[in-house]
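> starting from these lines, generate the structure:
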Amino acid sequence: MAKQTALLEIQEVKVYKELQSQLVAEQKKLSDIESKLAQIRKDLKELEDKASKSEYNQKDAIERFIRNEITQAELEGIRKKSIATAKEYNDAMELISFSEDVIARQGNFIAEIERKMVDTSLGIWDKIAEIYQDKFEKAVGNTANLLWVAMRSGGRYVPLLSRSDLPERFRAIAAPDTQESITLKEKLWNEFVGMD
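Reported below is the predicted structural model:
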């Protein structure tokens, strides 16, 4: 029940979840592009070998043509294959360059989403703090007022307390140790935002 109420109270949670979904989708796109680029690079190695062989075949065909071992039509056929292979190689190089640019832009886009998620999560934490401050004030308000009146009625003037002036028991409640803080942070995040 608290989870449903909390989600309704914090509008930033919806934004955070949308950003989270968008991040997953954009990371998938990036992964797909990187996979395609890896395949193109693998194919490029084969094209390099093919282009080298094609260039050798073209030179050999020219020599054979000069020696009258092949016809003009056969020479033209070999030259067309060589030109097609060179074009295929150049197209692959262009595709690699374009893919690298797309990957860089996609990486920047993902980084921007991550920055927005961090900003949004800070806003969520501010809202959680406000909710718990309200709960704290409601729960402790009357008790704190009674304590204040009792202390003042005892004939002593009590100035505002600094953290070091707080009684040890209250300090332990107000400032949990590091491990407990981590556990509480996860508990609060799961309560208000849900599991990541």
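
> for the residue of the chain most remote from its centre, helix, strand, or coil?
Ranked by distance from the centre of the chain (C-alpha atoms, centre = their mean), the top residue is residue 68, with 64.5 Å. Secondary structure, DSSP: H, G, I helix; E, B strand; the rest coil: residue 68 is coil.

> give me the pLDDT for it.
At residue 68, the model reports a pLDDT of 87.

> which strands and helices sit next to the helix ranked longest in the chain?
With secondary structure taken from DSSP state H, the chain has its longest helix at helix 72-153. Applying 3 or more C-beta pairs under 8 Å, 6 or more residues apart in numbering; DSSP states H and E, one finds that helix 72-153 makes contact with helix 2-9, helix 12-66, helix 178-192. In this view, the C-beta of every residue, glycine as well, is placed from N, C-alpha and C.

> gap between residue 192 and residue 107?
30 Å (C-beta to C-beta, to the nearest Å).

> compare those two (neighbour count), which wins?
residue 192 (22 against 12; other C-beta atoms under 10 Å).

> care to break the chain down by domain?
Split into domains by the TED database, the chain comes to 10-124, 142-195.

> any chance of those domains in CSV, plus distance to residue 132?
Shown next, in CSV, are those (distance: least, C-beta to C-beta, whole Å):
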stretch, distance to residue 132
domain 10-124, 12
domain 142-195, 8
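
> low pLDDT regions in the chain?
Applying pLDDT under 70 to the chain flags the ranges 1-9, 141-142, 144-177, 196.

> so what's residue 30 up against?
103, 106, 107, 110 (C-beta atoms under 8 Å, 6 or more residues apart in numbering).

> could I get the residues you listed as a markdown table with distance to residue 45?
Shown next, in a markdown table, are the contacts of residue 30 (distance: C-beta to C-beta, whole Å):
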| residue | distance to residue 45 |
| --- | --- |
| 103 | 19 |
| 106 | 25 |
| 107 | 25 |
| 110 | 29 |
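
> top of those by neighbour count?
Going by other C-beta under 10 Å, residue 106 tops the contacts of residue 30 with 18 neighbours.

> if I look at the residue nearest to that one when sequence neighbours are not counted, how far off is residue 121?
In space, residue 106 comes closest to residue 30 once its chain neighbours are excluded; the distance is 4.6 Å by C-beta to C-beta, 6 or more residues apart in numbering. Using C-beta to C-beta, residue 30 is found at 22 Å from residue 121.

> thank you, goodbye.
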